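Undergrad: Sequence plus the predicted model coming up.
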Amino acid sequence: MLSRSIPVMLFALLASLGSAAAQTLPVATRGELLYSAHCIACHSSQVHWRAKKLATDWPSLQAEVRRWQKLAQLGWGDDDVAEVARYLNARYYRYPSAQSG
């Protein structure tokens, strides 16, 4: 009877270890993926923390994302702009906003 339960216990142990490892992996947000795919080639992190940055609050951050996606002809909708702005806000700016959380 014990020999039958060993494979079951081993499977349960491996399954629990696998799910624990999967929970520790970071999951990229849509905003991060869009930024990484379309923006990072021209932007280093310096653009976000330099003294002359144009984004000075949440509305101006959204406006800058909207402006640059339009210049790059990315065709992003409002949701995409908001996702990238949320990602940038969480990563670099930390401007207060109900929408950025």
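TA: The structure has been received and is ready for your questions.

Undergrad: Please enumerate the helices of this structure.
TA: Taking DSSP state H as the criterion, the chain carries its helices at 2-24, 30-38, 46-49, 58-71, 78-88.

Undergrad: Which of the helices and strands in the chain ranks last by mean pLDDT?
TA: Here the helix or strand of the chain ranked lowest by mean pLDDT, DSSP states H and E is helix 2-24, holding a mean of 59.

Undergrad: How much space separates the nearest residue to residue 35 once chain neighbours are set aside from residue 71?
TA: Closest residue to residue 35 apart from its sequence neighbours, by C-beta to C-beta, 6 or more residues apart in numbering: residue 84 at 5.2 Å. All C-beta spots, glycine's among them, are computed from the backbone N, C-alpha and C. Using C-beta to C-beta, to the nearest Å, residue 84 is found at 14 Å from residue 71.

Undergrad: Comparing these two, which residue is more hemmed in?
TA: Between residue 84 and residue 71, counted using other C-beta atoms under 10 Å, residue 84 has the larger neighbour count: 28 against 8.

Undergrad: and that one, how far is that from residue 51?
TA: In terms of C-beta to C-beta, residue 84 sits 23 Å off from residue 51.

Undergrad: do the same with residue 38
TA: Counting by C-beta to C-beta - residue 38 and residue 51 are separated by 25 Å.

Undergrad: These two - which one has more neighbours?
TA: The residue with more neighbours, out of residue 38 and residue 51, is residue 38; 17 against 4, by other C-beta under 10 Å.

Undergrad: Name the nearest residue to that one, ignoring sequence neighbours.
TA: In space, residue 38 is closest to residue 74, 5.7 Å off (C-beta to C-beta, 6+ apart).

Undergrad: Make sure residue 29 is actually in contact with residue 87.
TA: Yes - taking C-beta atoms under 8 Å as the definition, residue 29 is a contact partner of residue 87 at 5.6 Å.

Undergrad: When those two are compared, which one has more neighbours?
TA: Neighbours were counted for residue 29 and for residue 87 using other C-beta under 10 Å; residue 87 has more, 21 against 15.
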